[in-house]
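Enquirer: Below are the sequence and a predicted model for it; my questions follow.
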Amino acid sequence: MAAPYDAKGWVDLARQVEDLGYSTFTMPDHFNQQLAPVPALMTAAAATERLRIGALVFDNDYKHPVVLAKELATMDVLSDGRLELGIGAGWMASDYEASGIPYDPPGVRLDRFEEAVAVIKGILSEGPFSFAGRHYSITDYDGAPLPIQRPHPPLLIGGGGPRVLSIAAREANIVGINGTMTTGSIGPEALATMSYETVVDRIGVVRQAAGSRIDDIELNIRAFFVSVTEDAATAIDNMAAWVKVEPALIAESPFALVGTVSEITATLVRRREELGFSYVIVGPGEVESFAPVVAALTGT
């Protein structure tokens with residue numbers, strides 16, 4: 001199921017997500033076939049009462065951090081404090097190619113991103129803010145409105161490389177563990193970095209960089225391979241053939257959730273205990289089928 005483009009379908013989806021017990025409604029920030037995240041997320045917030053909203057994630061290169069910070073603060077105010085602030089350095093090459101935005105090397109994008117995080121945090125704090133960096137220069141900016149959530153909405157940063165994970169460990173409230181997207185697209189190379197062993201290594205990077213603040217960090221993962229089924233073996237074989245990887249990678253990957261409701265529930269509990277994941281995201285196509293798992297885990 002693709003996310004709907006019409007107003008009624010979008011509102012119905014948001015209300016369904018809330019009614020089924022999910023805590024957060026997220027969407028990506030790309031230039032392909034999707035709604036723009038700021039108005040779409042605010043529409044979802046207006047149609048619901050408890051559902052939190054957030055981009056997974058805003059691409060730093062698409063908006064100046066002063067512009068994004070003002071939009072984020074406004075979203076938090078108008079949603080009564082239900083915003084999660086997800087931001088990343090950008091990775092999807094096709095977005096840059098289609099828009100003409102320069103697709104700088106990863107190091108440059110990360111330099112710019114690290115500065116942007118400091119700018120956004122500063123602007124969302126009280127009082128005038130100044131910043132002098134290589135990419136951004138801010139002078140006595142006293143932004144309004146201020147977000148309801150203080151000192152700022154929960155900051156989510158995800159990544160697969162050691163540098164972005166280290167930035168996330170130092171700066172974020174929620175750290176997402178991703179595959180490696182240096183090629184600018186999702187293919188066999190990226191999928192090969194989604195193994196159990198690779199995820200363990202990346203969590204180790206986060207723990208080392210976070211130091212004493214690790215207990216204040218929530219670990220997040222976006223499950224790309226989800227199937228609630230009585231025949232897990234066939235589902236895994238089909239997924240592996242589709243993405244051209246070995247079935248064992250899918251079967252063992254923390255990015256996969258395949259099996260019956262009870263099996264997936266047990267898997268999530270085990271991964272929470274072994275790896276620390278307490279924030280798991282599934283796609284719009286799994287909202288209904290995955291709801292019994294959400295119900296089984298609610299309050300645990």
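Expert: Cool, the structure landed.
Enquirer: which of the residues in the helix or strand of the chain with the lowest mean pLDDT are buried?
Expert: None of the helices or strands of the chain scores lower by mean pLDDT, DSSP states H and E than helix 188-191, at a mean of 70. Neighbour-count burial for helix 188-191, counted by 16 or more other C-beta atoms under 10 Å, picks out 190, 191. Just so you know, the C-beta spots here come from the backbone N, C-alpha and C atoms, and that holds for glycine as well.
Enquirer: Mind giving me the packing neighbours of the helix or strand that comes right after it?
Expert: Once the chain leaves helix 188-191, the next helix or strand it forms, by DSSP states H and E, is helix 196-210. Here helix 196-210 touches helix 162-171, strand 174-177, strand 218-222, going by 3 or more C-beta pairs under 8 Å, 6 or more residues apart in numbering; DSSP states H and E.
Enquirer: next one: stretch 148-166 to chain centre, how far?
Expert: In terms of C-alpha atoms, centre = their mean, to the nearest Å, the centre of stretch 148-166 is set 9 Å apart from its chain centre.
Enquirer: Now do that stretch, average pLDDT.
Expert: Averaging pLDDT along stretch 148-166 gives 95.
Enquirer: now stretch 56-64
Expert: Rounded mean pLDDT across stretch 56-64 is 96.
Enquirer: Quick one: end-to-end distance for it.
Expert: 18 Å (C-alpha to C-alpha, to the nearest Å).
Enquirer: Same question for stretch 82-99.
Expert: 31 Å.
Enquirer: Tell me which residues of it come out buried.
Expert: Within stretch 82-99, the residues that qualify as buried are 82-92, 95-96, counting by 16+ other C-beta under 10 Å.
Enquirer: sorry, back to before: may I see the helices and strands packed on helix 196-210 organised as CSV, with distance to residue 243 and mean neighbour count added?
Expert: Putting the helices and strands packed on helix 196-210 into CSV (distance: least, C-beta to C-beta, whole Å; neighbours: other C-beta atoms under 10 Å) gives the following:
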stretch, distance to residue 243, mean neighbour count
helix 162-171, 23, 20
strand 174-177, 19, 26
strand 218-222, 15, 21
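Enquirer: secondary structure class for the residue lying farthest from the centre of the chain?
Expert: Distance from the C-alpha centroid of the chain peaks at residue 140, with 31.0 Å (C-alpha atoms, centre = their mean). The three-state label given to residue 140 by DSSP: H, G, I helix; E, B strand; the rest coil is strand.
Enquirer: Is the nearest residue to residue 102 once chain neighbours are set aside within a helix or a strand, and which one?
Expert: Excluding the flanking residues, the one nearest residue 102 by C-beta to C-beta, 6 or more residues apart in numbering is residue 96, at 7.0 Å. In this structure, residue 96 is located in helix 93-99 according to DSSP H and E.
Enquirer: Also residue 45?
Expert: Residue 45 belongs to helix 37-46, assigned by DSSP H and E.
Enquirer: Need the contact partners of that helix.
Expert: 7, 10-11, 13-14, 25, 27-29, 51, 53-55, 58, 71, 75, 78-79, 82 (C-beta atoms under 8 Å, 6 or more residues apart in numbering).
Enquirer: In it, which residues are buried?
Expert: Neighbour counts using 16+ other C-beta under 10 Å place 37, 38, 40, 41, 42, 43, 44, 45 of helix 37-46 among the buried residues.
Enquirer: beta partners for residue 277?
Expert: residue 219 (DSSP bridges).
Enquirer: In this model residue 220 seems to touch it, though I could be wrong.
Expert: Yes: the criterion here is C-beta atoms under 8 Å, and residue 277 meets it with residue 220 at 7.2 Å.
Enquirer: Need the residues touching each of these two.
Expert: residue 177.
Enquirer: what's the spacing between the nearest residue to residue 27 once chain neighbours are set aside and residue 142?
Expert: Computed as C-beta to C-beta, 6+ apart, the closest residue to residue 27 that is not its neighbour in sequence is residue 37, at 5.5 Å. Going from residue 37 to residue 142 by C-beta to C-beta, to the nearest Å gives 26 Å.
Enquirer: Residue 41 too?
Expert: Applying C-beta to C-beta, the value for residue 41 to residue 142 is 26 Å.
Enquirer: Equivalent analysis for residue 233, please.
Expert: Counting by C-beta to C-beta, the gap from residue 233 to residue 142 is 59 Å.
Enquirer: Same check on residue 105?
Expert: 34 Å.
Enquirer: before we move on, what about residue 71?
Expert: Residue 71 is 17 Å from residue 142, where distance means C-beta to C-beta.
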